[in-house]
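Student: I'll drop the sequence and a predicted model, then ask my questions.
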Amino acid sequence: MTRPKIFVTRRIPEEGLHLLEAACTVDLWPEDRPPSREALLARVRGVEGILSMLTDRIDAAVMDAAGPQLKVISNYAVGYDNIDIPAATARGIPVGHTPGVLTETTADFAFALLMAAARRLIEADAFVRAGRWKTWEPQRLLGVDVYGSTLGLIGLGRIGRAVARRALGFGMRVLYHDLAVPPEAAPERCTPADLDTLLRQADFISLHVPLTPKTRHLIDAAAFAKMKPSAVLVNTARGPVVDPQALYDALSKRRIFAAALDVTEPEPIPADSPLLQLDNLVIAPHIGSASRATRGKMARMAAENLLAGLRGEPLPHRVEG
């Protein structure tokens, strides 16, 4: 029996790769960086399945380059804004993703970013390593308090709710803005607010929305103008939810206290970006889900989605188009 041929656009943890290698002929992209557009179009020709990363743009051209035998696309991510879902639906190709598994890990990291920015942890570490710590000083590296402050969550899905639980443990007041979550469906002690009220009242603003035309540059110059001068912005969602020029202006002119990002626009952020010159910005290279256990679970889920699609079975975690 002929084994189905699949293309995997980057090496994934062995928990998933072993499943694929046991059942398929695997064409595995060997480099750390994603395949170029030209390489992607070439490598998908004739495959029955594609296991993609969020860095791969899987659109109609890619699907057509693969050919009519393409049965399934499995995205190694919760989000799927890199995949043209209507194009896949029109071709009868199911698309899988990996929801739920990274909720707690990403919420941990969002709260770590919040704490690091609030207490200027990265600045403090650099201060010590530069040999500048000579004595205790009463006004050195003053931050903002987390305990007893107000957290504003924009988006109250799985990750937003997990961040809310952590915030309540720190004695924070939690506001949320999510039109899909009525007050009766919100977690206890989470108060709904319109976006304007949340931006004006929150000491910390954490973003947990998918990237859509409506959320692109949701946090722009007008949004920053409504925030407190002591506010801290945290983004572990998608980079384009925040307008990078507006972010630079707000931080460089001290219109807000600080920001902490796990995602950027563009991604990766260019080494010469003026944002990297700011001392009130913490940036991580999109590692919100980067624990060994979570990434292994994601690999298994992505593999199981792909194998189910190859067998013509319902995907365990299918994107509804």
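Tutor: Perfect, thanks for sending it.
Student: what's the closest non-adjacent residue to Ser149?
Tutor: Spatial nearest neighbour of Ser149, excluding adjacent residues (C-beta to C-beta, 6 or more residues apart in numbering): Asp203 at 3.9 Å. C-beta coordinates here come from the backbone N, C-alpha and C atoms, glycine included.
Student: Quick check: that neighbour vs Val241, distance?
Tutor: To Val241, Asp203 is 20 Å away according to C-beta to C-beta, to the nearest Å.
Student: Then Asp125?
Tutor: Distance of Asp125 to Val241, given as C-beta to C-beta: 28 Å.
Student: neighbour-wise, which of the two wins?
Tutor: Using other C-beta atoms under 10 Å as the criterion, Asp125 and Val241 rank with Val241 on top: 22 against 11.
Student: Give me the phi and psi for the more buried one.
Tutor: Torsion angles at Val241 (phi, psi; degrees, to the nearest 10) stand at phi -70, psi -20.
Student: Kindly report the same for the one 10 residues further on.
Tutor: For Leu251, the backbone dihedrals (degrees, to the nearest 10) come out as phi -80, psi -40.
Student: give the contact list for it.
Tutor: Contact analysis of Leu251 by C-beta atoms under 8 Å, 6 or more residues apart in numbering lists Ala258, Ala259, Leu275, Leu278, Asn280, Leu281.
Student: Contact partners for Lys297?
Tutor: Each residue near Lys297 by C-beta under 8 Å, 6+ apart is listed here: Glu15, Thr98, Val101, Leu102.
Student: neighbour-wise, which of those residues leads?
Tutor: Highest neighbour count within those, by other C-beta under 10 Å: Thr98, with 27 neighbours.
Student: ok, that one touching Met301?
Tutor: Yes - at 4.4 Å, Thr98 and Met301 qualify as touching, with contact defined as C-beta atoms under 8 Å.
Student: anything in contact with each of those two?
Tutor: Both Thr98 and Met301 are contacted by His317, under the criterion C-beta under 8 Å, 6+ apart.
Student: show me where this protein has helices.
Tutor: Assigned by DSSP state H, the helices in the chain fall at 14-23, 37-43, 60-66, 85-90, 103-118, 121-129, 158-169, 195-201, 221-226, 244-252, 292-310.
Student: quick one, the fifth one and helix 121-129 angle?
Tutor: Following axes from the mean of the first three to the mean of the last three C-alpha atoms, to 10 degrees, one obtains 60 degrees for the angle between helix 103-118 and helix 121-129.
Student: which parts of helix 103-118 are buried?
Tutor: For helix 103-118, the neighbour count (16 or more other C-beta atoms under 10 Å) marks 103-118 as buried.
Student: do the same with the third one
Tutor: Residues of helix 60-66 classed as buried under the neighbour-count rule (16+ other C-beta under 10 Å) are Val62, Met63, Ala65, Ala66.
Student: likewise the second one?
Tutor: Using 16+ other C-beta under 10 Å as the burial criterion, the residues of helix 37-43 that qualify are Leu40, Arg43.
Student: The longest one now?
Tutor: Neighbour counts using 16+ other C-beta under 10 Å place 294-310 of helix 292-310 among the buried residues.
Student: what do you get for stretch 221-233?
Tutor: Judged by neighbour count (16+ other C-beta under 10 Å), stretch 221-233 contains these buried residues: Ala223, Phe224, Met227, Lys228, Ala231, Val232, Leu233.
Student: Nearest to Pro34 among the residues you listed?
Tutor: Proximity of these to Pro34 (C-beta to C-beta) peaks at Leu233, which lies at 27.8 Å.
Student: was I right about the closest one contacting Asp203?
Tutor: No - the criterion here is C-beta under 8 Å, and Leu233 misses it with Asp203 at 10.8 Å.
Student: where does Val62 land on pLDDT?
Tutor: pLDDT recorded at Val62 is 98.
Student: what sits against it?
Tutor: Each residue near Val62 by C-beta under 8 Å, 6+ apart is listed here: Leu40, Leu41, Val44, Ile50.
Student: same question, Met63
Tutor: Neighbours of Met63 in contact, by C-beta under 8 Å, 6+ apart: Leu70, Ile73, Asp84, Ala87, Ala88, Arg91, Ile93.
Student: how much space is there between the fourth one and Leu70?
Tutor: By that I understand Ala87. Going from Ala87 to Leu70 by C-beta to C-beta gives 11 Å.
Student: Same question for the fifth one.
Tutor: Here Ala88 is placed at a distance of 9 Å from Leu70 (C-beta to C-beta).
Student: For Arg3, find the nearest of the helices of the chain.
Tutor: Short answer: helix 14-23, nearest of the helices of the chain by C-beta to C-beta, at 6.9 Å.
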